[in-house]
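In: could you look at this predicted model? Sequence included:
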Amino acid sequence: MARAKGRTMNALTRIGGFGLALAVLFGVSYVVGTTIGPSRDSDGQAGASGQEASAGGGGAAGGVDGVTGGIGGLAISAGGYTLAPGELSWPVGRSRTYTFRILGTDGRPVTEFTRAHDADLHLIVVRRDLTGYQHLHPTRDAAGTWSVPLQLAAPGVYRVFADFIPRSSRTGSAVTLGADLTASGDLRPVALPPDSRTAMTAGGYTVTLGGQADTREAATLRFAVARNGQPVTSLERYLGAFGHLVVLRQGDLAYLHVHPNSAGTAGTAGPVGTAGPVGSAGPVGAVAPAGSVRTASSGASAAADSGSALSFATRFPSAGSYRLFLDFKHEGQVRTAEFTMTVMADGTAHLATPTGTSPPAHTH
C-alpha cells in the first residue's frame, strides 16, 4: 500500500513538472510574439507594405521613391488602392473587352487620375514566362469602369499590370497593381531567351542596348535604333515621348519603375519610363536623346541626330534575370524591342555601349 501510494505521488509530481514546463513555454512564446508582432506580409496591408518589403518598392502610394527602389505590381492592392478585374479567366485567340476598376480606401471606384504620357492609365499584359507582352490604353466611363479590347494568343497565366497616378496622391508617385488572368488550354512554357545586346523587330529594325545595370545605385540604360543598318533619326512621339520602357523581373514579375533621364523633371516619372525631347514642356517624365530636335508644338514627331540614344534610369533590386520591353514609334507604327538582362550576384551587369551613340543627357 505504501509502495502504491509512493508511485502515485511520483506520477503526480512528474505530471505537475510537465505542466509547469508547458506554462513556461507558452509564456515565453507569448512574450516573443507580442514583442515581434505579426508578419507584415500577412496583415491587412500586405499590398501596401508587404509588397514593398519583399521587393524593395514603395512610395506613399506604392509607386516610386528613392528609398525603396520603385518596385510595383506584386500585389492586387497597394497604397490604399485595389485593382478589381471584371474577369479572372480569358479565352484564347478571341478578342473580347477586358474590364476592371480601381477602388479607393472607401471601396468606391476611383475616377480622378493625373494624366501622364497622354493617358490616365497604362495597362501592361504579359504571360508569366514573359512572352505575349502588350501595352494597352483602356478607356474609362463615368462610373469608373475601365475597358479595353484584349486578345491572348496562347494559353497560360498572364499578369495584368495597372499603372497610374491617382490625383489624390500628394507625392505624384505612380501606383502599379497586378492581377492574374488565366487563359485555359495546353500550356507550353517558353524559356527566357539568353542575354542579348541587340533585338530585332518587324520592319527591319535593330535596337542595341548599352549601359550598366547595378543593384547598388541607379543604372543608366541606353537604346540606339537602326533600320537596315542605318541609324533611325526620325523616331516619332508615341504617347508624348520617343520611347517607353518596361522592366520585369523573372520569377515574381516585379515591375520596375523606370526613371527617364530628363531635363527639368528630376525626381519625377510617369507610370511608364519614357524618353522625349530634352527641356521640352511635354508630359511629366518625358525626356529625349541628347541632340534631339523638337518639331513645332502642333507636330506629332520629333527628330534625333544619329549620335543620340534613348536613355532611361532605374535601380535593379536584386540579382536575377530581367526582361526589358522598349516601345518606339517610326513611320506611324509602334514597335517593341525585347531584351533579356542578367544582373550578377555582385550587383552588376555590364553592357556594351551602342556604337555611334553619345552619353545620356542626364543621369539620375
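Out: The structure has been received and is ready for your questions.
In: following the chain onward from the worst-scoring helix or strand of the chain on mean pLDDT, which element is next?
Out: Sorting the helices and strands of the chain by mean pLDDT, DSSP states H and E puts helix 51-55 at the bottom, at a mean of 28. Counting by DSSP states H and E, the next helix or strand C-terminal to helix 51-55 is strand 71-72.
In: partner strands of that next one, parallel or antiparallel?
Out: Next to strand 71-72 in the sheet, as set by DSSP bridges, lie strand 255-256 (antiparallel).
In: could I get the average pLDDT for the strand it pairs with?
Out: Regarding strand 255-256, the rounded mean pLDDT is 92.
In: ok, and what's touching it?
Out: Under the criterion CB atoms under 8 Å, 6 or more residues apart in numbering, residues 70-74, 124, 161, 163, 176, 178, 246-249, 314-317, 322 lie in contact with strand 255-256. Placement of C-beta: from N, CA and C, glycine included.
In: same question, stretch 137-146
Out: With CB under 8 Å, 6+ apart, stretch 137-146 has contacts from 86, 98-102, 108-111, 119-123, 147-148, 162, 239.
In: sorry, back to before: take the contacts of strand 255-256 and keep only those in strands.
Out: Those of the contacts of strand 255-256 mapping onto strands are 71-72, 124, 161, 163, 176, 178, 246-249, 314, 322, per DSSP state E.
In: quick one: secondary structure of Val126?
Out: Val126 falls in the strand class when you classify it by DSSP: H, G, I helix; E, B strand; the rest coil.
In: tell me who's in contact with it.
Out: Listed by CB under 8 Å, 6+ apart, the contact set of Val126 reads 132-134, 158-159, 161, 248, 253.
In: just flag the most distant two among these.
Out: The largest separation in the contacts of Val126, counting by CB to CB, is between Gln134 and Leu253 at 14.2 Å.
In: more neighbours: those two, which one.
Out: Shown here are Gln134 and Leu253; by other CB atoms under 10 Å, Leu253 has more neighbours (21 against 17).
In: and the gap between the more buried one and Arg128?
Out: Per CB to CB, to the nearest Å, Leu253 is found 6 Å from Arg128.
In: okay, and the common contacts of these two?
Out: Counting by CB under 8 Å, 6+ apart, the contacts common to Leu253 and Arg128 are Arg159.
In: follow-up on the earlier one: make a ChimeraX selection of the buried ones in the contacts of stretch 137-146.
Out: One line in ChimeraX is enough to select the buried ones among the contacts of stretch 137-146; burial here means 16 or more other CB atoms under 10 Å:
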select :98,99,100,101,102,109,110,111,119,120,121,122,123,148,162,239
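In: the contacts of stretch 137-146 in helices, which ones?
Out: Among those, no member falls in helices (DSSP state H).
In: would you confirm that Arg94 contacts Ala153?
Out: No: applying CB atoms under 8 Å as the test, Arg94 and Ala153 come out as separate, 10.4 Å apart.
In: comparing the two, which residue is more hemmed in?
Out: Each of Arg94 and Ala153 has its neighbours counted (other CB under 10 Å); Ala153 has more, 12 against 9.
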